[in-house]
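> Build me a structure from this.
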Amino acid sequence: RIRTATRRIGIEKIKRNNSDIGRFRKTSELSEVEMFTGIIESTGYVEHIENEGSNSHFTIRSPISSELKVDQSVAHDGVCLTVTEVIGDTHRVTAIAETLKRTSLVNWTEGKQINLERCMKADGRFDGHIVQGHVDCIGWLNKIEDRNGSWGLFFSHEPGDTFITVPKGSICVNGVSLTVVESGATFFSVEIIPYTWEQTNLGKLKPGATINLEFDIIGKYLSVLAARKFQ
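Alright, predicted model coming up:
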């Protein structure tokens, strides 16, 4: 999700050289604007799962857990979840029934490795692409090809009017921003470099694995606008 905080801008009129002509200086208090870019900061491990009603509480152990704060947004395998508790090197998040229904979190087990990314501040470097942390659907890994220095991963997913990929476009897989190589209505492929293979959980995937997919927000908007225009 993207949570945009309010910007309060005060305008000061400053006289210069005893002239009535002033210049304006903006003094702004810009709080955090939360979004993601698909650049994984760290991986963590599911240490404990507690089910309560239709919700599931996950305790995650990771190198960045101790730096988190309660109410902070963190992408877990591409799913934006709110930190509810921080204890030592662990943090706790909760997934409601809707999240469990639409993502791979329902299949998480204790010991599973997950990708983590804290939200990017408005003045941060934009290294990936716009990622909201809103998973569109789950997908499946069909095949892995070892390219002797890189890996080709081939995925499939259910059809959808806004589930759009294009060659050289962006796709978010388990929270990782990747470039599409081949594209179809219900499939796509990507190439993984050694660093991404080793520093994320993509290198641990096996054919048949379930993954979280978030399609490019720009493509989704254009698809909806085009559909409305020709209705």
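> can we go C-alpha only for contacts and neighbour counts from here?
OK.
> what number of residues lie near Ile49?
17 (other Cα atoms under 10 Å).
> Helix or strand for it, just tell me which one.
strand 42-52 (DSSP states H and E).
> which parts of the helix or strand just after that strand are buried?
Per DSSP H and E, the first helix or strand lying C-terminal to strand 42-52 is strand 55-61. For strand 55-61, the neighbour count (16 or more other Cα atoms under 10 Å) marks 56-61 as buried.
> what would those look like in JSON lines with distance to Ser177?
JSON lines is the format used below for these (distance: Cα to Cα, whole Å):
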{"residue": "Ser56", "distance to Ser177": "26"}
{"residue": "His57", "distance to Ser177": "26"}
{"residue": "Phe58", "distance to Ser177": "24"}
{"residue": "Thr59", "distance to Ser177": "25"}
{"residue": "Ile60", "distance to Ser177": "22"}
{"residue": "Arg61", "distance to Ser177": "23"}
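> now the protein, which segments are flagged as low pLDDT?
For the chain, applying pLDDT under 70 flags the ranges 1-34, 122.
> wait, which of the buried residues of strand 55-61 is closest to Val79?
Phe58 (12.8 Å; Cα to Cα).
> Let me see the contact set for the closest residue to Ile40 other than its chain neighbours.
Distances taken as Cα to Cα, 6 or more residues apart in numbering place Glu117 nearest to Ile40, at 5.1 Å, with adjacent residues excluded. Residues counted as contacts of Glu117 (Cα atoms under 8 Å, 6 or more residues apart in numbering) are 36, 38-42, 74-76, 175.
> secondary structure element for Glu117?
strand 113-118.
> picking up where we left off before, please pick the buried ones from the contacts of Glu117.
Of the contacts of Glu117, these count as buried by 16+ other Cα under 10 Å: 36, 38-40, 42, 74-76, 175.
> ok, which pair from those is furthest apart?
Put simply, by Cα to Cα the two of these set farthest apart are Phe36 and Ser42, 13.8 Å from each other.
> circling back: direction included, what does the strand holding Glu117 pair against?
Using DSSP bridges, strand 113-118 pairs in its sheet with strand 42-52 (antiparallel), strand 73-76 (antiparallel).
> Between these, which one is closest to Gly133.
Comparing those under Cα to Cα, the one sitting nearest is strand 73-76, at 6.1 Å.
> continuing past the closest one, what's the next helix or strand?
Per DSSP H and E, strand 73-76 leads on to strand 79-87 as the next helix or strand towards the C-terminus.
> Just give me the longest helix of this protein.
Scanning the chain for the longest helix, with DSSP state H as the assignment, gives helix 217-229.
> Could you look up the SS state of the nearest residue to Gly184 once chain neighbours are set aside?
Excluding the flanking residues, the one nearest Gly184 by Cα to Cα, 6+ apart is Thr165, at 7.2 Å. In three-state terms, and counting by DSSP: H, G, I helix; E, B strand; the rest coil, Thr165 is coil.
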